[in-house]
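**Q** here are the coordinates; sequence isn't available:
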């Protein structure tokens, strides 16, 4: 998925080619477009113009920036090249809302996005409406190649939906008022203690990983999921669920944050420099004897049965060392997901883009949290970046990052798939990141 | 005046004592209160909620923070101790809107004021209304001692009015859109070339400086203007006006920004580190042959007849070295203002708190720009800080700052006086700061 | 090999077990010890006490620190636990010359090594003599397990020999005097143009990599080279020599340092922040039309036929992108080295520890420069760190580093082997690092 | 005196003019030259080549740099312009050993002085001998104007003698070995408790301060001590001795380092950022109940009777606030020194340049420690910088610094005088700086 805002950069739509009724798929696409775009707007509803303006750290972006940047993507890569007579909404926006596409020209510096009081929220709403109207016009007469670009833009927007949530969570967590983003009570009560995780053996040998087309109307993957290729799976077993808050508390109580022998050297230095004593957003209550956590529902008690979340790779690796196991590789993770998961009736990609449901546990490998693997983010064998501005940066983030697999409670439903490769630097914790264990047999 | 936001901290109201009709002065004070508070609101009118939220650097504060902090001042130092039955608007605000009063408790870190999306602008407006209503109630029955505190609060708020303008100017200047704060055209056309400045000799000898009460209904000064004391004026002449943009351009063209011999050592290092080539907000137009400047009216051509503005002390001192003169001391400045200025019909202090008029030249020593003097900011002989939270920080900013005298186009009218001591670090340029020359005879 | 000074940390000696004549191998070991220790001293001969004291950056260490730290290693891990009656030279040295072994206690902060004027060079020489005398006593009666620790200490010292050279090169390069470390003239004349590199195909399929014992008297590898395991080699060809200076100049002339599309995103940011325009130590001569380079022989013209050196991973990756190829993986590199190299009569490990010969080209894969691979530094499948202080940090550097293979002109002869895994962060250039190309078939 | 190394820059020799026997004064000058230069060498005797090479912070310089820079001063400003046929020792030294004279050309960056292993100590010794020989030749035939420059060079070298001591003290204090610079035991035993300080009233009114010539053979002052001018002394009394360690301990015990109300705002921020809990070099012994201090004699117990030393201006000002008094102005200090001191038989300036005696209390105002005054460092009325390279920077340090008066145990004897203006930024503590109190009457 995304580093900072949208690292993956180059997307790759894989057309199925077999559509007997052109009008039908255009109608489907038009509906999909409307739903994904509407989801973004729904996420912004609880946020005031002031909320949508602030930027709490360079890695994060303001809500209205997310809303405008995803719109700029459609304007730049779809409307301007493909819709004759399209009138650009405001030429200044190209500078303001470009994220990192150097080929498209200079851009506003990322750490200063929080200084952009103008264009304001109302103007961004106008911008979205202007582009949406033109996009519907384009979609209704587009060919399949343009459709693939539209699909890519929708996946791109879904990535920003998750970022919007992790970014506003970070910003609100710093407020002395600690406001809730979601005003409802969380539905799930504090759960009973979890049974221990079970380690499930994988079948050793050569197995294929990487994306393969499915039967959804608009099959899609990012280019970093290709080519599909053979990989050698060793003799390993993988846990059937992520590590829980309760298990992680045992690590803390056993001195996990003060035993340098458990940590990677750079992890230990990071832990000390940032004063980490627990996962992100955790804090001791006033008596100092119970853990509380800031969530999108506001502060509440840590639930021992939930997967631990907002941990860095460094913390995940230290925990695994402490537990006498290790993290899975991304190849092991994907192979396990493909073979162990029940053939869950997944909604087709981008087919079910309703609002994310923070807090809901889903069955299978794709749970509440992104899962750190022990795999550095590298190109697949034979990977070649596509050409042009979209493809300009295909592999440009493939350094000093670790792969996460699965999806999180903040991922739009239907956006996840077993071959999806999310990636972040090992010290990042503002994403919804947890982990599961693996063990050599 | 102010360091960062409001350095002077402790204010000191000097009551006249002689008021024959208590009801009358309470009425006057009530009106004054309403006018000063209304001025602040008027300044915020052109600014959207998003505009009022952003903070462009640690020294600056968001507009809504200025609006709330000045309100907090009245709530904390007037209403809570002096109005029985007063209901605090929101207990969290004490933490959020305290600026530096350590005795009043912990406070939100200054550089993070731009992260406070909540309380929002509408809530701040409510807060102001709530406090104003209670303040009118308090004023209508207050004694003279409380009245003096109210007057102090009004002077404090006037200082924030000027800061609000310099802060939003800085923020807008960084926007790629460069919005205008004032939508009218500036009234003054580009002026004819100025005649050269005239140096007017001062009478040498022992002279008194420092504040002395006047006949305004609420005479007031800050404690740093006291005690009035004798000072020894040497044989010196002082220019009858500040250095102009046109004169400063000659300095630039003569290589003033590349001749290290003209600069203080620390000034030269600062100039290089920040890449200064001209006063703040100046930039070359696209052809590179004319100077433009960002103003509260938006970008426009530099007017050679206006006083140069947004220069640091370092630049003022380098110019003086280049010109073969020096800056005046603050004692020389005040003595000159007291003896050379026509007895201008100044409005009584805080008596004329209408909206500042950017761009208007005023006669006398108090011109368009604050004027750097060569005097470091030190206590006057015999100065003792008052007691208590208000007085806690009387002298605590008296280090590494230089005194500026006069007032600027952004100073609320009536707020200025000859004994007023504004002060900033020598590298500050986001205030409306210029300078005039003096010369030893 | 080493990150900063000695990253690999845990070493692992693999004993052969089969020694019919104990006295014989002790004699051999005693001679090996004397030769490796003498090599270090020989490297320090050209350096004055002042030269041996300075530290030019946090990653580098002073020469006398290298000399003392390697000695401390023998004192701490051999003499104190294994030589009864051993008298510690100076108890303070444990603090001063510990590098990163946290289990051994607190230690002097790395960036402050250049502040240690005392113990001085003469005292360090005494320290070495004291420890050498005791070590000879220990070796003459040691058992095989202790012998393995001695062998590890010698490999550790050889790593520091290379670091000593790269560190003093960095320090001297910053001197306005640019002194030569080697006073002789380099023997090799500027060579004829090189023929283009040839890409040699590898045999695809499952192949074993990782260390396997050889018939040297003291077979040795570091723990990160184990376990030997199968890896899947794809259809790839690998260049028969590293990229040369001449080829790299073509990249520079083609704008390689100003085309963002060739670079990893973090590489581009690094390049800009550090102002890289060419490999490390290169500079334009005064006319600006020829490249010169600072070397251990002092400044001289860049030789187009030599392998390019002192490039970061980022530069290597950008070049490969420009050339339309890629870097090999470390598995490909090792497999190629094992199968393509002539069965060169390598000296047994640590058997030929004579002074490194800067500038000499050696045949086979192990050339003048360490070679960046595209492999992040990760544990081999099934890798488990050994126990105890030596093994404490086995994997603790396995994050945010890239593997280099081969050896360099500064590597002590006999120290290299095909399974050797050197590693550095992708922005490091002060090591003798180059690269070769690979290409997918 | 000096900012970093030698701030004052421009020196000003004031010739007496009345010398009946030219040969006589040349002989005297030659002797003076030999003695001052010899003093510097004597200070370096306890220091190894390694000791003379290190630089512990950007503000400090290596011993061999001090030795070479003072020599460069004579070569640059005396020998090259005034001794026909003089052969420059090494043209590279101009770059390496220039400190801040921008007019003389580019120079080696100050923070990198500790990277200069070459020229080594032996070469610097050669350099000094080479220049000394030529200087003796020059002095024996020089005119009075050149003699004045020589005198200036000697005062400049004496300033560096004090800096050499404060710099090596700082460097040694960071060593884990904490070596002693002076191997003798300090002669003074721990003293009896001091009687309380007495405040002595000054006579109010107009008094002259600033340098005036005396009857020494080579009367001298720096330009910042001129012109002598009238100043207005208020009704004040000044303590007859500096604040002692014992008195300062009472401040610490009373929470002086944790009461923000006592501190300047910037002082409080500095104290927190640097973790100050006591004067520089103080530390609690292992039991935590007694104060020890690192001195040039090595670590020892804090002596309550000695003046407190190595305090910043911020600490001095906080103490004064706590004590209910204030620091004297530099005018008050100088007037007190001129009128209250016994007409001590001071050795003529530069006439007694024997090795400083750390730890000895001297009578009068010039005690063991430099004394912070409350006066910012500003030009005297009518001050004009001299012309040329020497005078280039006369006033260039007159910003953000506070004046210290007197002298310290590290000041070469005879170098001090009542009009001497030393100055440092308010956060500096590595100089031998203390303070005395004054009080308004």
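**A** That came through, no problem. Predicted, not measured: the structure shown is a model, and the values here were computed from it.
**Q** how about the top helix by length along chain A, does it get close to chain B?
**A** When chain A is parsed with DSSP state H, its longest helix is helix A:144-173. Yes - applying CB under 8 Å from any CB of the partner chain, one finds helix A:144-173 in contact with chain B at residue A:171. From N, CA and C alone the C-beta is placed, and that goes for glycine too.
**Q** go on, stretch A:272-288?
**A** No - contact of stretch A:272-288 with chain B (CB under 8 Å from any CB) is absent, the minimum separation being 15.2 Å.
**Q** what residues sit buried inside that stretch?
**A** Using 16 or more other CB atoms under 10 Å in any protein chain shown as the test for burial, stretch A:272-288 gives A:276, A:278-282.
**Q** of all pairs in the residues you listed, which one spans the longest distance?
**A** A:276 and A:281 (11.7 Å; CB to CB).
**Q** how near is whatever residue of the stretch 51-200 of chain A ends up closest to chain C to residue A:55?
**A** Ranking the residues of the stretch 51-200 of chain A by distance to chain C (CB to the nearest CB) places residue A:102 first, at 4.9 Å. Residue A:102 sits 21 Å away from residue A:55, going by CB to CB, to the nearest Å.
**Q** what's near enough to touch whichever residue of the stretch 101-250 of chain A sits closest to chain B?
**A** With CB to the nearest CB, the shortest gap between the stretch 101-250 of chain A and chain B falls at residue A:117, namely 4.1 Å. Residues near residue A:117 by CB atoms under 8 Å, 6 or more residues apart in numbering or on different chains: A:53, B:48, B:50-51, B:53-54, B:171, B:175.
**Q** quick revisit: which of residue A:102 and residue A:55 has more residues huddled nearby?
**A** residue A:55 (24 against 17; other CB atoms under 10 Å in any protein chain shown).
**Q** I'd assumed residue A:62 was in contact with the more buried one.
**A** Yes - using CB atoms under 8 Å, residue A:55 is in contact with residue A:62, at 5.1 Å.
**Q** which residues are common contacts for the two?
**A** A:113-114, A:167.
**Q** give me the number of residues near residue A:327?
**A** 24.
**Q** need the contact list for it.
**A** Counting by CB under 8 Å, 6+ apart, the residues that residue A:327 touches are A:316-317, A:320, A:372-374, A:435-438.
**Q** any idea how far residue A:32 lies from chain C?
**A** 30 Å (CB to the nearest CB, to the nearest Å).
**Q** any idea of the pLDDT on that residue?
**A** Reported pLDDT at residue A:32 in the predicted model: 96.
**Q** same check on the one 3 residues further on?
**A** On pLDDT, residue A:35 comes in at 97.
**Q** surely it forms part of a strand?
**A** No - judged by DSSP: H, G, I helix; E, B strand; the rest coil, residue A:35 forms no part of a strand; its state is helix.
**Q** continuing past the helix or strand hosting residue A:95, what's the next helix or strand?
**A** Assigned by DSSP states H and E, residue A:95 belongs to helix A:93-97. Per DSSP H and E, the first helix or strand lying C-terminal to helix A:93-97 is helix A:121-139.
**Q** list the buried residues of that following helix.
**A** Applying 16+ other CB under 10 Å to helix A:121-139 flags A:121, A:123-125, A:127-128, A:130-132, A:134-135, A:138-139 as buried.
**Q** quick check: residues of the stretch 151-300 of chain A near chain C?
**A** The stretch 151-300 of chain A comes close to chain C at residues A:206, A:230-232, A:234, A:260-261, A:263-268, as judged by CB under 8 Å from any CB.
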